[in-house]
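Asker: after the sequence you'll find the predicted model.
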Amino acid sequence: MELKILEQYILGGIVATWLGFALIYFLGLRRSETDDVVELNKQSNELVRSRPQIDGTTDVIIVGAGVAGAALAYSLGKDGRRILAIERDLGLQDRIVGELLQPGGYMKLIDLGLEDSVENIDAQKVLGYALFKEGKSAKLGYPLEKFKRDVSGRSFHNGRFVQRMREKAATVSNVRLEQGTVTSLIEEKGIVKGVRYKTKVGQDITAHAPLTIVCDGCFSNLRRGLCKSEVDIPSTFAALLLNNCEAPYPNHGHVILADPSPILCYRISSTEIRCLVDIPGKKIPSVGNGDMALYLNTRVAPQIPKELRCSFTAAVNEGSIKTMANRSMPAAPQPTPGAILLGDAFNMRHPLTGGGMTVALSDVVILRDLLRPLDNLKDSHVLCNYLDSFYTLRKPVASTINTLAGALYKVFSASPDQARTELRKACFDYLSLGGMFSDGPIALLSGLNPKPTSLVLHFFSVAIFGVGRLLLPFPSPQRTLLGARLIADASGIIFPILKAEGAAQMFLPSANPAYYKSPFLH
């Protein structure tokens, strides 16, 4: 036992040394991407704005009033823009995702002045994660020590949160929320001039504005032509609500490294815990004929922590099982004058890490700050060229969170391959070491420090840690080969994701000419 503990500390020291040298190198390579964005935002905020009236009654049309749309309507409206936000259903929705807001996302709410949107909805504070694997567990807290105010994660019913944001947007006098279904974009000579939509009473209406922002969610029928929509569906969530039970670690999300793939549990109200069971592949057991209940009771229930198992079984037997396909779509914009995509209509990642709302709110902050200094939006071609910088500025944050979600899903899923199994064990044990070994990855996952260099360093630190365990105390040819396969497997996971996300813009956004575009329209 003492030898094993000594090995862990030796390995930890090796990884810490490697990580330290690498961090020194990367920190000296270039200034922080975050500092670059702050500088641009400061430049925008210092401008004295005088907004001339433009023809018509609307400056910006926003399609969709979910998290991204409602936040954007509020923030642009507060900046003096006249906003028309069109949402297909303004009623309270019952969704099974978008229920966990990471601390990084909460900080974006503060930036937007929307932090009170999590009040009076029975939202729960989230202070970190607990990992479970084969009877062992590890508690991983968010590194919140240096943050002031009430910064933490929040979990809640998504519909209640969205309704609060809509209420906030509706308090701005120049924001108009309307229920209707947008059927198409109005295009003239390649320029989007507005939208056609059908009201809730069936009336067909056309609305015009210099800028249309499409953020109508993962099922968007408008994104074709605005981006290359290559949607992948790696798995499906089966969702349950567990009532009147206590989780092993209060105020923590629970991630169970189950077979065949992860299970998530987190409290969304004072009486309810959401449980999301990931089922890999495109074909899942049928809910209607009872196959799903049988699968959950026989395959999944034995892997649920004992504190939650009875409530899990009761929820399965009640039959209130919802399913939702998990979609992944890298951001691949096709810039179009007069329109821009945002939110899940534009960019999706596996929801394992709960980073979707953080990405959406970060994008809203960036777009708001880019639009702030503009006197008007009438020249569509110039505006489109100027907003090309949005895609570069969003890369470090969005792509870091996207990459982490995709990589962790693959690492946390069970595999018959021995090298992948060793990588999974190494990841659990690495995070269990605590200190810098958990703080760094959790800061990435939570959106508190979404830096691509830190992501790659920690990912390969896990791989090196796994190889070191295989080689200690004495290497053998078989274990050396397995270690080489582990490194190859880790590379095979992360490099394709980085390529799809656009590695050059992730790591060196300032190398892209769009980064330096003037904040003024001439």
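Answerer: Done, it's in. Numbering: from 1, shown residues only.

Asker: from here on, contacts and neighbour counts on C-alpha atoms
Answerer: Fine.

Asker: roughly how far out does the helix or strand harbouring S461 sit from the chain middle?
Answerer: Using DSSP states H and E, S461 sits in helix 452-471. A distance of 23 Å separates the centroid of the chain from that of helix 452-471, by CA atoms, centre = their mean, to the nearest Å.

Asker: next secondary structure after it?
Answerer: Toward the C-terminus from helix 452-471 - assigned by DSSP H and E - lies helix 477-501.

Asker: the helix holding S461 to helix 477-501, inter-axis angle?
Answerer: 170 degrees (axes from the mean of the first three to the mean of the last three CA atoms, to 10 degrees).

Asker: which elements pack onto helix 452-471?
Answerer: Contacts defined by 3 or more CA pairs under 8 Å, 6 or more residues apart in numbering; DSSP states H and E place helix 452-471 against helix 2-29, helix 395-412, helix 418-432, helix 436-445, helix 477-501, helix 503-507.

Asker: make it 6 Å
Answerer: Contact partners of helix 452-471 among helices and strands, from 3 or more CA pairs under 6 Å, 6 or more residues apart in numbering; DSSP states H and E: helix 477-501.

Asker: so L241: helix, strand or coil?
Answerer: strand (DSSP: H, G, I helix; E, B strand; the rest coil).

Asker: what sits opposite it in the beta ladder?
Answerer: R274 (DSSP bridges).

Asker: tell me which element G77 is part of?
Answerer: Secondary structure (DSSP H and E) places G77 in helix 67-78.

Asker: avg pLDDT for that helix?
Answerer: Helix 67-78 carries an average pLDDT of 98.

Asker: list the residues that contact A70.
Answerer: M165, R166 (CA atoms under 6 Å, 6 or more residues apart in numbering).

Asker: let's verify the residue nearest to A130 when sequence neighbours are not counted: helix, strand, or coil?
Answerer: With CA to CA, 6 or more residues apart in numbering as the criterion, A130 has its nearest non-adjacent residue at 4.4 Å, and that residue is K139. Classification of K139 using three-state DSSP returns strand.

Asker: quick one: neighbours of K139, just the number.
Answerer: The number of residues packed near K139 is 17, by other CA atoms under 10 Å.

Asker: same check, this time on Q478
Answerer: Neighbour tally, Q478, other CA under 10 Å: 10.

Asker: which segments of this protein make up each domain?
Answerer: 2-30+400-509, 48-121+156-230+329-393, 232-327 (automatic domain parsing).

Asker: contacting residues around the helix holding S461?
Answerer: Contacts for helix 452-471 (CA under 6 Å, 6+ apart): T400, A426, C427, R479, G483, I487.

Asker: how about the CA coordinates for that helix, as PDB?
Answerer: Provided in PDB are the C-alpha atoms of helix 452-471 (Å, rounded to 0.1, in the frame of the first residue of the first chain):
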ATOM      1  CA  PRO A 452      -6.600  25.800 -25.400                       C
ATOM      2  CA  THR A 453      -3.000  25.400 -24.300                       C
ATOM      3  CA  SER A 454      -4.100  24.400 -20.800                       C
ATOM      4  CA  LEU A 455      -6.500  21.900 -22.300                       C
ATOM      5  CA  VAL A 456      -3.800  20.200 -24.400                       C
ATOM      6  CA  LEU A 457      -1.300  20.200 -21.500                       C
ATOM      7  CA  HIS A 458      -3.700  18.500 -19.100                       C
ATOM      8  CA  PHE A 459      -4.900  16.100 -21.600                       C
ATOM      9  CA  PHE A 460      -1.500  14.800 -22.400                       C
ATOM     10  CA  SER A 461      -0.500  15.000 -18.700                       C
ATOM     11  CA  VAL A 462      -3.200  12.400 -18.100                       C
ATOM     12  CA  ALA A 463      -1.700  10.300 -20.900                       C
ATOM     13  CA  ILE A 464       1.800  10.600 -19.500                       C
ATOM     14  CA  PHE A 465       0.500   9.800 -16.100                       C
ATOM     15  CA  GLY A 466      -1.100   6.600 -17.500                       C
ATOM     16  CA  VAL A 467       2.100   5.600 -19.200                       C
ATOM     17  CA  GLY A 468       4.100   6.200 -16.000                       C
ATOM     18  CA  ARG A 469       1.800   3.900 -14.100                       C
ATOM     19  CA  LEU A 470       2.300   1.200 -16.600                       C
ATOM     20  CA  LEU A 471       6.100   1.500 -16.500                       C
END
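
Asker: average pLDDT for it?
Answerer: Mean predicted lDDT for helix 452-471 stands at 96.

Asker: now it and helix 418-432, what's the angle there?
Answerer: Using the same axes, to 10 degrees: helix 452-471 against helix 418-432 is 110 degrees.

Asker: now P330. Nearest residue, chain neighbours left out?
Answerer: N347 (5.5 Å).

Asker: how near is the one you found to N297?
Answerer: 34 Å (CA to CA, to the nearest Å).

Asker: with neighbour numbers in mind, choose between those two.
Answerer: Comparing N347 with N297 by other CA under 10 Å, the one with more neighbours is N347, at 26 against 17.

Asker: isn't the more buried one right next to A331, touching?
Answerer: Yes - if you go by CA atoms under 6 Å, N347 and A331 touch, sitting 4.9 Å apart.

Asker: what about E134, neighbour count?
Answerer: When neighbours are counted by other CA under 10 Å, E134 comes out with 10.

Asker: actually T271, sorry about that
Answerer: With other CA under 10 Å as criterion, T271 counts 13.

Asker: got the contact list for it?
Answerer: Here T271 is in contact with N243, N244 (CA under 6 Å, 6+ apart).

Asker: equivalent analysis for the one 5 residues further on, please.
Answerer: The neighbourhood of L276, defined by CA under 6 Å, 6+ apart, consists of F237, A238, A239, I263, L264.

Asker: for the last one, give its distance to A247.
Answerer: Spelled out, that is L264. Distance from L264 to A247, by CA to CA: 12 Å.

Asker: between those two, who's got more neighbours?
Answerer: Higher neighbour count among L264 and A247: L264, with 22 against 17, using other CA under 10 Å.

Asker: what angle do whatever helix or strand the more buried one lives in and helix 395-412 make?
Answerer: Using DSSP H and E, L264 maps to strand 263-267. Interaxial angle, strand 263-267 versus helix 395-412 (the same axes, to 10 degrees): 120 degrees.

Asker: and strand 263-267, which strands flank it?
Answerer: strand 252-256 (antiparallel), strand 272-280 (antiparallel).

Asker: and those: which comes nearest L370?
Answerer: Within the strands paired with strand 263-267, the stretch nearest L370 is strand 252-256; the backing value is 34.6 Å (CA to CA).

Asker: ok, now which ones touch M357?
Answerer: Counted by CA under 6 Å, 6+ apart, M357 has zero contacts.

Asker: what's the spacing between it and D375?
Answerer: Where D375 is concerned, M357 sits at a distance of 29 Å (CA to CA).

Asker: pLDDT score for S389?
Answerer: On the pLDDT scale, S389 is placed at 93.

Asker: so V359 makes contact with A398?
Answerer: Yes - assessed by CA under 6 Å, V359 is found in contact with A398 at 5.4 Å.

Asker: strands of the stretch 151-300 of the chain, residue ranges please.
Answerer: 153-155, 175-188, 191-199, 204-208, 211-214, 232-243, 252-256, 263-267, 272-280 (DSSP state E, counting those that start in this stretch).

Asker: among those strands, which is nearest Q505?
Answerer: strand 232-243 (22.2 Å).

Asker: let me know the angle separating that closest one from strand 272-280.
Answerer: Using the same axes, to 10 degrees: strand 232-243 against strand 272-280 is 150 degrees.

Asker: contacts for strand 232-243?
Answerer: Outside strand 232-243, the residues touching it (CA under 6 Å, 6+ apart) are 271-281, 311-312, 321-328.
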